[in-house]
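Student: for reference, the sequence and a predicted model appear below.
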Amino acid sequence: MTADQVFDVARQAILVLIKLGAPIMLVALVVGVTVALLQALTQMQEMTLSFVPKILAIFLTTLLVLPFMTATLIGVGDDLFRRIASLG
């Protein structure tokens, strides 16, 4: 395996990592900012109020995005196995 092929696999792995993590992280960011804004406006500084909506949103997002994540990982795995098979 040449250095270019190794860099290509590493680049693909980083892009897949970003593609799989981005939806969940964006939902957590939006929910966190929204809850923080509501807490600032109402001056209610309850700690559990910031965690429960974020955990629920992350859980629901994970359930909704799970088929996409699975299909993406299967595609990357197939591509990687094809590359390994073509070496030998």
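Tutor: Perfect, thanks for sending it. Just so we're clear, the structure is a prediction, and the values are computed from it rather than from any experiment.
Student: roughly how far does the residue nearest to the spatial centre of the chain sit from I14?
Tutor: What sits nearest the mean C-alpha location of the chain, by Cα atoms, centre = their mean, is G21, with 1.2 Å. Distance of G21 to I14, computed by Cβ to Cβ, to the nearest Å: 11 Å. Placement of C-beta: from N, CA and C, glycine included.
Student: what ranges do the helices span in the protein?
Tutor: 3-42, 47-87 (DSSP state H).
Student: export those as CSV, with columns for mean pLDDT.
Tutor: Below are those laid out as CSV (pLDDT from 0 to 100):
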stretch, mean pLDDT
helix 3-42, 93
helix 47-87, 93
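Student: for M44, what are phi and psi?
Tutor: Main-chain dihedrals, M44, degrees, to the nearest 10: phi -100, psi 110.
Student: how about the contacts made by it?
Tutor: By Cβ atoms under 8 Å, 6 or more residues apart in numbering, the contact list for M44 reads L38.
Student: I'd like the distance between it and P53.
Tutor: M44 is 13 Å from P53, by Cβ to Cβ.
Student: likewise for M69?
Tutor: 22 Å.
Student: and L80, by the same measure?
Tutor: In terms of Cβ to Cβ, L80 sits 38 Å off from P53.
Student: and stretch 10-24, what's buried?
Tutor: By neighbour count on 16 or more other Cβ atoms under 10 Å, the buried set for stretch 10-24 is 20, 24.
Student: could I have it exported to CSV, CA atoms only?
Tutor: Output of stretch 10-24 as CSV, limited to C-alpha atoms (Å, rounded to 0.1, in the frame of the first residue of the first chain):
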residue,chain,number,x,y,z
ALA,A,10,-7.2,8.3,6.6
ARG,A,11,-8.9,11.2,4.9
GLN,A,12,-12.0,9.1,4.2
ALA,A,13,-12.1,8.0,7.9
ILE,A,14,-12.0,11.6,9.1
LEU,A,15,-14.7,12.6,6.7
VAL,A,16,-16.9,9.7,7.8
LEU,A,17,-16.3,10.7,11.5
ILE,A,18,-17.4,14.2,10.8
LYS,A,19,-20.4,13.0,8.8
LEU,A,20,-21.5,10.7,11.5
GLY,A,21,-20.9,13.0,14.4
ALA,A,22,-22.2,16.3,12.9
PRO,A,23,-26.0,15.7,13.2
ILE,A,24,-25.9,14.8,16.9
